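> Okay, here's the prediction I keep looking at, along with the sequence it came from:
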Amino acid sequence: MNQDLQKIETKIKESSLWEKITEMLNQHVDFSNDISISVRDVLIVITIIFITTLILRLVLRIITRNLPEDDKGKFNVVYGYFRWLVYLIILLITLNGLGVNVTAVFAASAALMIGIGLALQTLFKDIISGVFILIDQTVHVGDIIEIEGKVGRVEEIKLRTTRAVTRDNRVLIIPNHLYLDNSLYNWTQNGTLTRESVDVGVAYGSDVQLVRKLLIQAASTHPDVLSEPEVIVLFANFGESSLDFKVIFTLADSFGANVPKSDIRFEIDRLFREHNVSIPFPQRDIHVFEKTKDYRQKAQD
């Protein structure tokens, strides 16, 4: 059997058709003294590019399988640029492996990429951060986030920036790289319910049990405060001029928490006035020491 195969292979190699095919595949096209490409090289390059395309499509499908449709479109834009970069690298590596001298091309490409990277460093950083956000799904449209002390509701997530609206209806444009450089608080990742609090101080000597009762009453009677979990009051501290309390309650929408908290403060002030509970203001004792003899001596001089 092996002898028969060897005979067939020998006949194919000795045939004129095989010689013509081999001669055609070995034909070279000289672009310069250093760059010469044969037909066989072109076929190998095409085959490798085809295999690379299949691999890239598989990778894209694996990465985007859990992404929403809107996020898939945004990711495909960045992935398109990345795909062409991969094609370029694979092409240069393949040509170099086939014996084509592409050292000059590698050097020029490296210099070009370094220049572009330095000039567009922040832009690339924002885009890469945007890709991470889309893949990790740590922030979604509608989430309430806090970053660098600013609170906003996410309206749109783009590749370079995230658009949010603050509580006073101002548009907040957040560069995506800030998510990597700073701590991000997502208020609604565990749900829309959040625990809020109001701090208040009362004068020393006040009935603390009455204060606790009035604080619970002021918070629990507000229509936006949920009954579960229940309102609690913490005796926070013995302050310099007051007994410090914190009333903690639950809201369904923390984005508009400023209004309920203000209403609760109004109600606390009203209840305290009705029950003669005073809210002290900071007081300082100033002691003045006069040295009479020194002053008289200076006056005589």
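That came through fine. Numbers count the residues shown, from 1 in each chain.

> Low-confidence bits of the stretch 151-300 of the chain, can you list those?
Applying pLDDT under 70 to the stretch 151-300 of the chain flags the ranges 283-300.

> Repeat the analysis, applying 80 as the threshold.
158-160, 179-183, 187-192, 253-256, 281-300 (pLDDT under 80).

> So residue 42 lies in a helix, does it not?
Yes: under DSSP: H, G, I helix; E, B strand; the rest coil, residue 42 falls within a helix.

> contacting residues around it?
Neighbouring residues of residue 42 by Cβ atoms under 8 Å, 6 or more residues apart in numbering: there are none. The way it works is simple: take the backbone N, C-alpha and C, and place the C-beta from them, glycine included.

> Buried residues, stretch 206-222. List them.
Using 16 or more other Cβ atoms under 10 Å as the test for burial, stretch 206-222 gives 206, 211-212, 214-216, 218-219, 222.

> cool, and stretch 247-259?
Quick answer for stretch 247-259 (16+ other Cβ under 10 Å): 247-251, 254-255, 257.

> Run through who's touching it.
Everything outside stretch 247-259 that qualifies as a contact, by Cβ under 8 Å, 6+ apart, is 144, 151, 153, 167, 187-188, 192-198, 200, 215-216, 218-220, 222, 224-226, 228-229, 231-234, 260, 264, 268.

> Do me a favour and get the end-to-end distance for it?
Counting by Cα to Cα, to the nearest Å, you get 16 Å between the two ends of stretch 247-259.

> do the same with stretch 164-177
15 Å.

> Outside of that stretch itself, list whatever touches it.
Against stretch 164-177 from outside (Cβ under 8 Å, 6+ apart): 122, 125-127, 129-130, 133, 145, 147, 150-155, 159-163, 255-256, 258.

> redo that, cut-off 7 Å
Residues from elsewhere that reach stretch 164-177 (Cβ atoms under 7 Å, 6 or more residues apart in numbering): 122, 125-126, 129-130, 133, 145, 147, 150-155, 160-163, 255, 258.

> sec struct for residue 140, please.
Residue 140 ends up coil, using three-state DSSP.

> again, but for residue 162
Residue 162 - assigned by three-state DSSP - is strand.

> For it, list the residues it contacts.
139, 154, 174, 176.

> now do residue 224
Contacts of residue 224 by Cβ under 7 Å, 6+ apart are 251, 260.
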